[in-house]
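Undergrad: coordinates for the following, if possible.
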Amino acid sequence: MEKNMLKNEAQNAIAQLISQVEQSVIGQSHVVRALVIGLLTNGHVLLEGLPGTAKTRSVKTLAKVLNVEFGRIQFTPDLLPSDVTGTEVYQDLDGKPQLHFQPGPVFNNIVLADEVNRAPAKVQAALLEAMGEGTITVGDHTHTLPELFMVLATQNPVEQEGTYPLPEAQMDRFMVKVDVDYPQDDAELDIIRLVRSEETPSQVEAGHSEKVVIDAKHILTARRDISAVHVSDLVERYIVGLVMATRDPIRYPESKLSRWLEVGASPRASIALDKCARANAWIDGRDHVEPDDVRAMLPLVIGHRLTLSYDALADGVTRRDVVNELLDFVNVG
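TA: This next block holds a predicted model:
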């Protein structure tokens, strides 16, 4: 009974979290849900979109509603690894010089890596250790990051001078990648009205009074609940079938996968698809995964893990086209 009460409390809290963030991030409900799924699966999220599409706002709002430590790193070509991880500094203690570690912005619960593809390889490698291992090594010492830790990185899809494409190893570390598009007409109108209301102090204060802070402990409870969500053998085989179709597309000779794909998805894709499908089912109040959960998560999980062939790039084929082809040809069971 108590376990069910805790589960319901956590589900209500997550539903409230999604609702609160959506109030400040208008017209991007799919982005908000993806951020929450990344948080619940203890993963990291890559947001790709043009400037002004509320990428940074959505991350900051998520941290604010959870009332957790938030750190922002503005990635630039001259950024150093120590600007991310922190560094050891000399301090004079009782007349004796000692090395003291000064933590960098990565030592927060939610870390925004803004324009992550503008940093050189050494900085990206430092972030990779934090994402993959949950630790930071400086000198001879390894420092552990918080239990509740997530990197939310943004990047601009338009190629510009001074950018460094993320290596495949780091792309693979992101649990999900979300494409952030421009809002529609009605959403754009609501955005104008929201920002205008925030300019009025009385309305801002009234808005803050209505905001409810979600206890971060519910995230840890939800993670335990999601690990118990049932996945049938049929769904497991469907997940494996989708991933294997990217590695061995010749299995589907009638599809265009063989011509479009150069390199398929790694086993991390299967693991991420399983986790995200369970999280999606849990958010919807189910204790088991359905094939529709897998289909809903596939674009977020697998697209950024694929390498398209020269023919596909020449023909203007997108990763979304590949995902649709997978969904059309790979059957359940």
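
Undergrad: quick one: the longest helix seen in the chain to chain centroid distance?
TA: When the chain is scanned for its longest helix (criterion: DSSP state H), the result is helix 2-24. Relative to its chain's centre, helix 2-24 lies at 19 Å (Cα atoms, centre = their mean, to the nearest Å).

Undergrad: what is that helix packed up against?
TA: helix 29-40, helix 55-66, helix 217-227, helix 267-283 (3 or more Cβ pairs under 8 Å, 6 or more residues apart in numbering; DSSP states H and E). The C-beta positions use only the backbone N, C-alpha and C, and glycine is treated the same way.

Undergrad: got the buried residues for the second one?
TA: Same thing as helix 55-66. Buried residues in helix 55-66, counted by 16 or more other Cβ atoms under 10 Å: 55-56, 58-66.

Undergrad: same check, this time on the shortest one
TA: Of the residues in helix 217-227, those scored as buried under the neighbour-count criterion (16+ other Cβ under 10 Å) are 218-219, 221-223, 225-226.

Undergrad: helices or strands up against it?
TA: Helix 217-227 sits against helix 2-24, helix 29-40, helix 267-283, with contacts defined as 3+ Cβ pairs under 8 Å, 6+ apart.

Undergrad: distance of the nearest residue to residue 34 once chain neighbours are set aside relative to residue 100?
TA: Take residue 34 and drop its neighbours on the chain: the residue closest to it by Cβ to Cβ, 6 or more residues apart in numbering is residue 178, 4.5 Å away. Look at residue 178 and residue 100: by Cβ to Cβ, to the nearest Å, they are 39 Å apart.

Undergrad: quick one: which of the two has more around it?
TA: Between residue 178 and residue 100, counted using other Cβ atoms under 10 Å, residue 178 has the larger neighbour count: 28 against 10.

Undergrad: tell me which element that one is part of?
TA: Assessed by DSSP states H and E, residue 178 sits inside strand 176-180.

Undergrad: surely residue 250 meets residue 258?
TA: Yes: Residue 250 is within contact range of residue 258, at 5.7 Å (criterion: Cβ atoms under 8 Å).

Undergrad: neighbour count winner among these two?
TA: Taking neighbours as other Cβ under 10 Å, residue 250 and residue 258 compare with residue 258 leading, 14 against 9.

Undergrad: before we move on, the earlier item: what angle sits between the longest helix of the chain and helix 29-40?
TA: 140 degrees (axes from the mean of the first three to the mean of the last three Cα atoms, to 10 degrees).

Undergrad: okay, and for the stretch 101-250 of the chain, where does confidence drop off?
TA: Under the criterion pLDDT under 70, the flagged ranges of the stretch 101-250 of the chain are 158-163, 201-211.

Undergrad: show me where it has helices.
TA: Using DSSP state H, counting those that start in this stretch, the helices assigned to the stretch 101-250 of the chain run over residues 121-133, 168-171, 185-198, 201-210, 217-227, 233-247.

Undergrad: return the list of helices and strands in contact with the shortest one.
TA: Which is helix 168-171. Counting by 3+ Cβ pairs under 8 Å, 6+ apart, helix 168-171 packs on helix 121-133.

Undergrad: can you list contacts of the helix it packs on?
TA: 44, 75, 79-81, 83-85, 106, 111, 113, 116, 119, 135-137, 145, 149, 151, 164, 166-167, 169-170, 173-174 (Cβ atoms under 8 Å, 6 or more residues apart in numbering).

Undergrad: just the buried residues of those residues.
TA: 44, 75, 79, 81, 83-85, 106, 111, 113, 116, 119, 136, 145, 149, 151, 166, 170, 173-174.

Undergrad: one step back: any chance of CSV for the buried residues of helix 55-66, columns pLDDT?
TA: Shown next, in CSV, are these (pLDDT from 0 to 100):
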residue, pLDDT
55, 83
56, 83
58, 87
59, 88
60, 88
61, 89
62, 91
63, 90
64, 90
65, 91
66, 91
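
Undergrad: quick one: residues contacting the spatially closest residue to residue 86 that is not a sequence neighbour.
TA: Of all residues not flanking residue 86 in the chain, residue 104 sits nearest, at 3.4 Å (Cβ to Cβ, 6+ apart). Applying Cβ under 8 Å, 6+ apart, we find residue 104 in contact with 82-87, 136.
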